[in-house]
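1. fold the following and give me the result.
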Amino acid sequence: GHRVVSLERIGKRIVLGLEGELFLVIHLMIAGRFRWLKQGGKPPGKLGLACFDFPAGTLALTEAGSKRRASLHLVAGRDALAQFHRGGLDLETATPESFTQRLRAENHTLKRSLTDPTILDGIGNAYSDEILHAARLSPLRLTRQLDDAECRRLYEACLEVLDRWTRRLQAETGEAFPEKVTAFRPGMAAHGRYGQPCPVCGAPIQRIRYAENETNYCATCQTGGKVLADNTTSRFLK
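-> Here you go, the predicted structure:
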């Protein structure tokens, strides 16, 4: 057994550093979850992918559903972690100028740019909806259509939304192990709230469905009252 000596992240990946410069790199994807089992606890059945034993209990990696998307890699040496960096801009160190430059480097929809880990680091589907709602921008606006003021507004919305939800989730969890992890949270403005009233204007939240996911937005606050047709998504979000 190797003792865990560090915990860090690479984008949306969780990295457990072990003795001897070994690293476990875990990506939970959509349905992957961690469960904490007290000593003597029964390991998960069909959902269980891996278990990591600690003196106080066991950390179990599970994944619901028949499609296995979660991943676990074991690599040797810190240099080997470089392969997991997708190249997206880290918002914790980004400036308004570097954010705008990265956003305009390619002409994509805002939804795609916010969720593409090679462009921006670690936002994901749920919080991209919240960021775009806070910035009052359409998910289908193209990045090179934004003026400087809109880019700055989007940058500030990224920082504000991610910071607010980080602090909120930390407060909810406290010292306990996080349970019932979900992308659909009470208090979200747009994500997962199709048909419910926008907390700003009261209009019903809309959706764009594609593949196994959807984008939620407020037509009044974000698209000038225009409801975006689902059949546009293949072209814009593919």
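
2. from here on, contacts and neighbour counts on C-alpha atoms
-> OK.

3. where exactly do the helices run in the chain?
-> Ranges of helices in the chain, per DSSP state H, are 96-104, 110-115, 124-135, 148-173, 219-222, 233-237.

4. the second one - contacts with which helices or strands?
-> Contact here means 3 or more Cα pairs under 8 Å, 6 or more residues apart in numbering; DSSP states H and E; on that basis helix 110-115 packs against helix 124-135.

5. any low-confidence regions in this protein?
-> 230-238 (pLDDT under 70).

6. please redo it, this time with the cut-off set to 50
-> The model of the chain has pLDDT under 50 over residues 232-238.

7. relative to His73, how far out is Ile26?
-> From Ile26 over to His73 the distance is 7 Å, taken as Cα to Cα, to the nearest Å.

8. what about these two, which has more around it?
-> Ile26 (20 against 11; other Cα atoms under 10 Å).

9. rewinding a little: just send the helices of the chain back as JSON lines, with mean neighbour count too.
-> What follows is the helices of the chain, written out as JSON lines (neighbours: other Cα atoms under 10 Å):
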{"stretch": "helix 96-104", "mean neighbour count": "17"}
{"stretch": "helix 110-115", "mean neighbour count": "23"}
{"stretch": "helix 124-135", "mean neighbour count": "23"}
{"stretch": "helix 148-173", "mean neighbour count": "15"}
{"stretch": "helix 219-222", "mean neighbour count": "20"}
{"stretch": "helix 233-237", "mean neighbour count": "13"}
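
10. adding distance to Gly11, write those helices out as JSON lines.
-> What follows is the helices of the chain, written out as JSON lines (distance: least, Cα to Cα, whole Å):
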{"stretch": "helix 96-104", "distance to Gly11": "16"}
{"stretch": "helix 110-115", "distance to Gly11": "11"}
{"stretch": "helix 124-135", "distance to Gly11": "10"}
{"stretch": "helix 148-173", "distance to Gly11": "13"}
{"stretch": "helix 219-222", "distance to Gly11": "27"}
{"stretch": "helix 233-237", "distance to Gly11": "21"}
